[in-house]
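Visitor: heads up, no residue letters with this:
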């Protein structure tokens, strides 16, 4: 038997035909235009993969890479089979975010969502550095040095001043001495 597909190969959802021809040994003749259909896949039957699957707050926007798995085949957004809809939020702050994939209705139908979490950072992973000009010299005025919160493992990773509060143990630090 000889099979001739139209088109060859048929990959996308749609209606196609195949021609079956006898090989001339035991089977003669040809049957043309035998129809077959490739059904659209429901996106909910696939697995949404987020990489990374979660993150820890670091002061930066942290959107994960998104792909869709059909068995062992990864379909990236660039393939155009689905759209990624980023849920509300800044993807920077601590919290839970919803990422929705919408099938393009060409090969994939329906929509499905995955959930992405940005956890709180642990201040123990950071160093607090006094960044004011040193040394501070007594002049009978209160001193409140500026500080910077820097990740211990990545000095380029700092936390914005808007993300922490400073409490002074000596709010009117006017006397000479060490404050901590």
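Guide: Ah, there it is. All values derive from a computational prediction rather than experimental measurement.
Visitor: Run me through the strand neighbours of the strand or helix carrying residue 16, direction for each.
Guide: Assigned by DSSP states H and E, residue 16 belongs to strand 14-21. If you go by DSSP bridges, strand 14-21 pairs up with strand 2-6 (antiparallel), strand 30-38 (antiparallel).
Visitor: can you pull the buried residues of it?
Guide: By 16 or more other CB atoms under 10 Å, the buried positions in strand 14-21 come out as 16, 18. The C-beta positions use only the backbone N, C-alpha and C, and glycine is treated the same way.
Visitor: For residue 74, find the nearest of the strands paired with strand 14-21.
Guide: For the strands paired with strand 14-21, proximity to residue 74 was assessed by CB to CB; strand 30-38 is nearest, at 19.6 Å.
Visitor: Residue 99 is in what secondary structure piece?
Guide: Assigned by DSSP H and E, residue 99 belongs to strand 95-103.
Visitor: quick one on the thing from earlier: name the surrounding residues that touch the strand holding residue 16.
Guide: Contacting residues not belonging to strand 14-21 are listed as 1-7, 10, 29-38 [CB atoms under 8 Å, 6 or more residues apart in numbering].
Visitor: among the residues you listed, which ones are buried?
Guide: Neighbour counting by 16+ other CB under 10 Å classes residue 10 among the contacts of strand 14-21 as buried.
Visitor: Reformat the strands paired with strand 14-21 as a markdown table; add mean pLDDT and distance to residue 84.
Guide: Written out in a markdown table, the entries for these read as follows (pLDDT from 0 to 100; distance: least, CB to CB, whole Å):
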| stretch | mean pLDDT | distance to residue 84 |
| --- | --- | --- |
| strand 2-6 | 77 | 33 |
| strand 30-38 | 92 | 24 |
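Visitor: could you point out where this structure is predicted with low confidence?
Guide: Along the chain, the model assigns pLDDT under 70 to residues 133-134, 155, 170-180.
Visitor: can you tell me which residue is nearest the centre of this structure?
Guide: The residue at the geometric middle of the chain, judged as the C-alpha nearest the mean C-alpha position with CA atoms, centre = their mean, is residue 64 (1.5 Å).
Visitor: thinking that residue is in contact with residue 84, fair?
Guide: No - at 10.2 Å, residue 64 does not count as touching residue 84 under the criterion of CB atoms under 8 Å.
Visitor: shared neighbours, those two?
Guide: Taking CB under 8 Å, 6+ apart as the criterion, residue 64 and residue 84 both touch residue 99.
Visitor: give the contact list for residue 70.
Guide: Contacts for residue 70 (CB under 8 Å, 6+ apart) come out as 41, 46.
Visitor: what's the answer for the one 5 residues further on, then?
Guide: For residue 75, the set of contacting residues under the criterion of CB under 8 Å, 6+ apart consists of 46, 67-69, 81-82.
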